[in-house]
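Enquirer: can you look at this prediction? I've put the sequence above it.
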Number of protein chains: 2
Amino acid sequence: MSSRTGSRTSARSSNRDAEPSREIPEATVARLPVYLRALTGLVDAGIRTCSSEDLATAAGVNSAKLRKDLSYLGSYGTRGVGYDVDYLRYQIAREIGVTHDWSVVIVGIGNLGHALANYSGFRSRGFRVVALLDADPSRTGETVAGIEVRAFDELEQIVATDDVAIGVIATPAGAAQDVADRMVACGITSILNFAPGVISVPDGVDVRKVDLSIELQILAYHEQRKANAG
Amino acid sequence: MSSRTGSRTSARSSNRDAEPSREIPEATVARLPVYLRALTGLVDAGIRTCSSEDLATAAGVNSAKLRKDLSYLGSYGTRGVGYDVDYLRYQIAREIGVTHDWSVVIVGIGNLGHALANYSGFRSRGFRVVALLDADPSRTGETVAGIEVRAFDELEQIVATDDVAIGVIATPAGAAQDVADRMVACGITSILNFAPGVISVPDGVDVRKVDLSIELQILAYHEQRKANAG
DNA sequence: GCCGTTTTGTTCCCACGTTCACAAACTCCT
DNA sequence: AGGAGTTTGTGAACGTGGGAACAAAACGGC
């Protein structure tokens, strides 16, 4: 899915990595962050051990599915006992790659860009917004969430300086492809796109798309069917 | 789907509808809005007819998949010719249920709520924000996007008056379940949830979830693998 | 040390989704 | 009218994902 909702366009390059076991299904990858969040909740509640049933409930999934997902990472549980919450959380964080922070740039500081810049969930979950960029000169200079908005032209320099691998596009639809092209050109290999419409990128670059009105339209479809049925 | 990303938690009630042909797969439903947007783009460009190949390119999917998706709606194309853009667009809009507007309430007018209220894509794609609600009294009375922010307690009255079927939750995580419960209690049957964490709803209520930091974490996973591979 | 209990890790099977490939159907040209 | 060329709609093969069910492993009581 994704689904969803967010969908992944990519080119998982090749299978030439020597490791045999490490081939985590995409559907599982999409759930690992959910488990991570659920585990963080358990840690905060002071719970040190949990069964797959407990964690599955907290994450809103089936326990069999949870166990299968975790088995792709390794055998981090103890039969008859369950999982050590803190240990499992670390293992998942390591697998996802959020044991250290990732630098992120946000391009397009309109309403959505403001909201994203202020979203505390990024910082607390392994992401650091290193720059806010906007092509509109009237917006540059403004400070949002403690970060100064800079000109879009500074993208290349910022990406190089801060080793940015992930870019967020929050511009209008018309600008999205150009922004994506510039991002790719200066070395960004993962893009989260909030602009409506498809953007195309070369192989090796991952794009995930979040489209608010598409989500609502999917709900509307089911809503209509409910109305027609009842 | 995906995940997509937004995932759907529901209970497609029963199969007792008499109609035989109408059973559109969930994956297809999630793509129909994408096709709708692509078709709108073609209309705006003055294109009156297109092949499945053209439309597939515009929508960013495989043409065989597109044709199969459209075949669930009926046979709206002409062999050897293609699809009438405007006609097909109407058929998809009708299938999704966005030929008329849906009333929507947004609860939680923080940064994200502001952005959602100002998002013009809702209005232009079949949705009308009829109310902005917030439990914080210091926020009520403020006007956002031309709509006055009202107290959360007015939810029931607004839903009844404006025949609201879709609710958007943009509150912090802690409040999300309570808001969802209140929404369900007063008759809302579709919820778009931006709050982190899972919310549980009774059968018959659809929930789609959009989680910004989960999307980034999925990107981080692939980013890490790229770094390790190269 | 042995047995019953609990819970994981895994296997098997089914349903869903994607892609290929082709027949059916339409247009255009001669 | 008939044949060549196009493009849709769909049947069939394939791959991925989900869930039930069970064997393996750990713990606890005696």
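Expert: Good, I have the coordinates. Residues are numbered from 1 along each chain as shown, chains lettered A, B, ... in the order given.
Enquirer: go ahead and confirm A:A59 touches A:L66.
Expert: Yes - in this structure, A:A59 is within contact of A:L66 by Cβ atoms under 8 Å, at 6.7 Å. Using the backbone N, CA and C atoms, a C-beta is placed for each residue, glycine as well.
Enquirer: what do those two both touch?
Expert: Here A:A59 and A:L66 share the contacting residues A:Y35, scored by Cβ atoms under 8 Å, 6 or more residues apart in numbering or on different chains.
Enquirer: of the two, who's got more company?
Expert: Taking neighbours as other Cβ atoms under 10 Å in any protein chain shown, A:A59 and A:L66 compare with A:L66 leading, 25 against 22.
Enquirer: for that one, give me its contacts.
Expert: Taking Cβ under 8 Å, 6+ apart, we find A:L66 in contact with A:Y35, A:S52, A:L55, A:A56, A:A59.
Enquirer: adding secondary structure and distance to B:I106, write the residues you listed out as CSV.
Expert: Output for the contacts of A:L66, formatted as CSV (DSSP: H, G, I helix; E, B strand; the rest coil; distance: Cβ to Cβ, whole Å):
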residue, secondary structure, distance to B:I106
A:Y35, helix, 29
A:S52, helix, 36
A:L55, helix, 32
A:A56, helix, 31
A:A59, helix, 26
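Enquirer: contacts with DNA strand D among these, please.
Expert: Among the contacts of A:L66, no residue lies close to DNA strand D (Cβ under 7 Å from any atom of the strand).
Enquirer: contacts for whatever helix or strand A:V168 lives in?
Expert: Secondary structure from DSSP states H and E places A:V168 in strand A:166-169. Outside strand A:166-169, the residues within contact range by Cβ under 8 Å, 6+ apart are A:102-108, A:116, A:127, A:176, A:179-180, A:183, A:188, A:190-195, A:199, B:216, B:219-220, B:223.
Enquirer: then it to CSV, C-alphas only?
Expert: Listed next in CSV are the C-alpha coordinates belonging to strand A:166-169 (Å, rounded to 0.1, in the frame of the first residue of the first chain):
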residue,chain,number,x,y,z
ILE,A,166,16.6,13.4,2.6
GLY,A,167,14.6,16.2,1.1
VAL,A,168,11.0,17.2,1.7
ILE,A,169,9.0,18.9,-1.0
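Enquirer: got the residues of chain A near DNA strand C?
Expert: A:50-53, A:63-64, A:67-68, A:70-71, A:75-83.
Enquirer: and those residues, which of them are buried?
Expert: A:C50, A:S51, A:S52, A:R67, A:L70, A:G77, A:G82, A:Y83 (16 or more other Cβ atoms under 10 Å in any protein chain shown).
Enquirer: so which of the residues of chain A next to DNA strand C are in helices?
Expert: A:S52, A:E53, A:S63, A:A64, A:R67, A:K68, A:L70, A:S71 (DSSP state H).
Enquirer: give me the pLDDT for the last one.
Expert: Right, A:S71. pLDDT, A:S71: 98.
Enquirer: what about A:V105, helix or strand, and which?
Expert: Secondary structure assignment for A:V105, by DSSP H and E: strand A:102-107.
Enquirer: in chain A, which spans are helices?
Expert: So, for chain A - with DSSP H - the helices run A:26-44, A:52-59, A:63-73, A:85-96, A:111-118, A:120-124, A:155-162, A:173-185, A:212-229.
Enquirer: could these go into TSV alongside distance to B:I169?
Expert: Shown next, in TSV, are the helices of chain A (distance: least, Cβ to Cβ, whole Å):
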stretch	distance to B:I169
helix A:26-44	16
helix A:52-59	18
helix A:63-73	25
helix A:85-96	25
helix A:111-118	15
helix A:120-124	15
helix A:155-162	34
helix A:173-185	26
helix A:212-229	12
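Enquirer: burial-wise, tell me which of these comes out on top.
Expert: Per residue and on average, the most neighbours among the helices of chain A fall to helix A:111-118, with a mean of 22 (mean count of other Cβ atoms under 10 Å in any protein chain shown).
Enquirer: what angle separates that one from strand A:102-107?
Expert: Counting by axes from the mean of the first three to the mean of the last three Cα atoms, to 10 degrees, helix A:111-118 lies at 160 degrees to strand A:102-107.
Enquirer: lowest confidence element among the helices and strands of chain A?
Expert: Across the helices and strands of chain A, mean confidence by mean pLDDT, DSSP states H and E is lowest for strand A:8-9: a mean of 48.
Enquirer: just the buried residues of the lengthiest strand in chain A, please?
Expert: In chain A, with assignment by DSSP state E, the single longest strand is strand A:127-134. For strand A:127-134, burial by neighbour count (16+ other Cβ under 10 Å) applies to A:F127, A:V129, A:V130, A:A131, A:L132, A:L133, A:D134.
Enquirer: picking that back up, any idea which of the ones in helices among the residues of chain A next to DNA strand C is the one closest to A:E26?
Expert: Compare each of those with A:E26 using Cβ to Cβ and the shortest gap goes to A:K68, at 14.0 Å.
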